[in-house]
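Colleague: what would the 3D arrangement of this be:
(one chain, ligands or ions: 1)
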Amino acid sequence: MYTLEPNKDYRDLRLSQTPELMGAELQADTAKHYDDCYHDYLLAWCNMDNLALHYGYWDEPKPYQQHQALLNKNRILYESAGIQASDKVLDAGCGIGGSSIWLAKQHGNTVTGITISSKQAMYAQQHARRHGVADRVSFQVADFCATPYADACFDVVWALESSCHALNKADFLREAYRVLRPGGRLVVCDGFLLQRQFSEEQWQAVVTCLNGWAVPNLCSRIEFTELLTNQQFQGIQCLDITAQTLPSADYMYKVAKRLQPVQKISQWLGLRSKAQTANYLVGLAQHRLFTDKLTEYCIFTAQK
Ligand code: SAH
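Modeller: All right, here's what the predicted structure looks like:
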């Protein structure tokens, strides 16, 4: 049996486990992952319209389009958190700007997107200009565990598949709480562990996913609820959307299978970076997290 402990770094077990270095290494590794894989994501997963680096939300009978499912995720988060057009939103872990642009375009929100990758911030800004919302959204490089923003300056903190990148999820929640105004809302959408003990095969799948997606660890829904409570968040709600996420996991697996020959040849030719190959391998491995019920996928909402 293998055990995944909280607040540790499991990416390939290749980095120093020195607490002072871990934060900086983690951020550099995460930025490299997203920089190296920018074109892969656009080719194999999202498009220039949705710019989504997340699983989709499939709430309609199939046949159904991946593009629509990715956009649906924004809609369900918006509704879950009861966001209003006048709300000033911090998109914490904004990727290449998909949700920030959607918020500004669909609802007229003013959005600040932050990412740990300067390339992502630049790409996101370009995409915002192309979508005609550059006056309402801005992108900056900042650590969502220690942002440069004043206390209580946002109405909403939005974290879509990003808080998983925090070594200590409590650090992320503390900062989210600080920048939210009283009454402001937090919405977090992510994968959560259903167990901490794994067989050899399951452990391989889990570590492949953590490593390939530059995620140091995951926590359980119960642990996350505790962290929110400790941080004084009120009205904590958790919506299990694993069923609505599964078609995306299937889709990703199929895409990875289809691209296997391309991956193998280009890897052999030395055309794939380590981060790209690791990211490719998640496409296959992540499926097991769902089929073996090792993780669930949830939307948390809470209020300051
Ligand atoms: N929410 C976006 C992107 C998800 S990918 C979407 O759904 O499309 C995760 C994002 O979190 C990336 O942009 C990555 O740069 C960002 N991230 C990871 N660690 C971070 C940190 N410490 N501070 C700020 N952003 C971080």
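Colleague: least trustworthy helix or strand in the protein by mean pLDDT?
Modeller: helix 19-36 (a mean of 85; mean pLDDT, DSSP states H and E).
Colleague: need the contact partners of that one.
Modeller: With Cβ atoms under 8 Å, 6 or more residues apart in numbering as the test, helix 19-36 has contacts from 9, 11, 15-16, 53, 95, 115-120, 143, 165, 167, 213-214, 216, 273, 275-276, 278-279. C-beta coordinates here come from the backbone N, C-alpha and C atoms, glycine included.
Colleague: which among those count as buried?
Modeller: Among the contacts of helix 19-36, those classed as buried by neighbour count (16 or more other Cβ atoms under 10 Å) are 9, 11, 15, 53, 95, 115-117, 119-120, 143, 165, 167, 213-214, 216, 273, 275-276, 278-279.
Colleague: so C298: helix, strand or coil?
Modeller: Three-state call for C298 (DSSP: H, G, I helix; E, B strand; the rest coil): strand.
Colleague: ok, now which ones touch it?
Modeller: By Cβ under 8 Å, 6+ apart, C298 lies in contact with C189, D190, F192, R221, C238, L239, D240, I241, T242.
Colleague: quick one, phi/psi of the residue of the stretch 201-304 of the chain found nearest the ligand?
Modeller: For the stretch 201-304 of the chain and the ligand, the shortest gap (Cβ to the nearest ligand atom) falls at A214, measuring 7.7 Å. Main-chain torsions, A214, degrees, to the nearest 10: phi 60, psi 40.
Colleague: correct me if wrong: it contacts R11.
Modeller: Yes. Shown here, A214 and R11 form a contact pair, counting by Cβ atoms under 8 Å, at 6.3 Å.
Colleague: returning to what we had before: filter the contacts of C298 down to the ones in helices?
Modeller: Within those, residues falling in helices by DSSP state H are R221, T242.
Colleague: got a PyMOL select line for the buried ones in the contacts of C298?
Modeller: For the buried members of the contacts of C298, the matching PyMOL selection, counting by 16+ other Cβ under 10 Å, is:
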select buried, resi 189+190+192+221+238+241+242
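Colleague: and which of the contacts of C298 is nearest D135?
Modeller: C189 (26.9 Å; Cβ to Cβ).
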